[in-house]
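Trainee: kindly generate the corresponding structure for this input.
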Amino acid sequence: MVSASRGAIVARILAAIFGCYAFVWGAVALGVAALNGAGVEYHAAEQAMMMLAFLLYLGLFLWTFAAASVRRVWLVLAVGSALMLAAAWQLQRIIIG
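Mentor: The predicted structure is shown next:
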């Protein structure tokens, strides 16, 4: 059995809480902007994405503890959330005009 250091455990806990939150926030923002841009009413798009957010957060939360590398977890969560938030911001600017 492999013993994990305290730092690695704390890094995974922080990634599971804050990193997954940021990733899901980016996914919801991008999904709402994309659905709204496709003609779905804003509140319907928001409601649909928020329901999916629970499943996405749960899956990411579990993955942070199952992944072999805590660095890879942080990299995926940080880069993924940054890219999705940037894409959502650009898409919203296009939709608004």
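Trainee: which stretches in the protein count as helices?
Mentor: Ranges of helices in the chain, per DSSP state H, are 6-14, 20-37, 42-66, 70-96.
Trainee: now the longest one: buried residues?
Mentor: Residues V70, V73, W74, V76, L77, G80, S81, M84, L85, A88, L91 are the ones in helix 70-96 that count as buried (16 or more other C-beta atoms under 10 Å). The C-beta positions use only the backbone N, C-alpha and C, and glycine is treated the same way.
Trainee: kindly report the same for stretch 37-49.
Mentor: A45, E46, M49.
Trainee: and it, what's its mean pLDDT?
Mentor: Average pLDDT, stretch 37-49: 96.
Trainee: again with stretch 56-74
Mentor: If you average the pLDDT over stretch 56-74, you get 96.
Trainee: mind listing what's buried in stretch 10-29?
Mentor: Under 16+ other C-beta under 10 Å, the buried positions of stretch 10-29 are 11-12, 15-16, 19-29.
Trainee: just want the most central residue of this structure.
Mentor: Among the residues of the chain, the one closest to the centroid is F23, at 1.8 Å (C-alpha atoms, centre = their mean).
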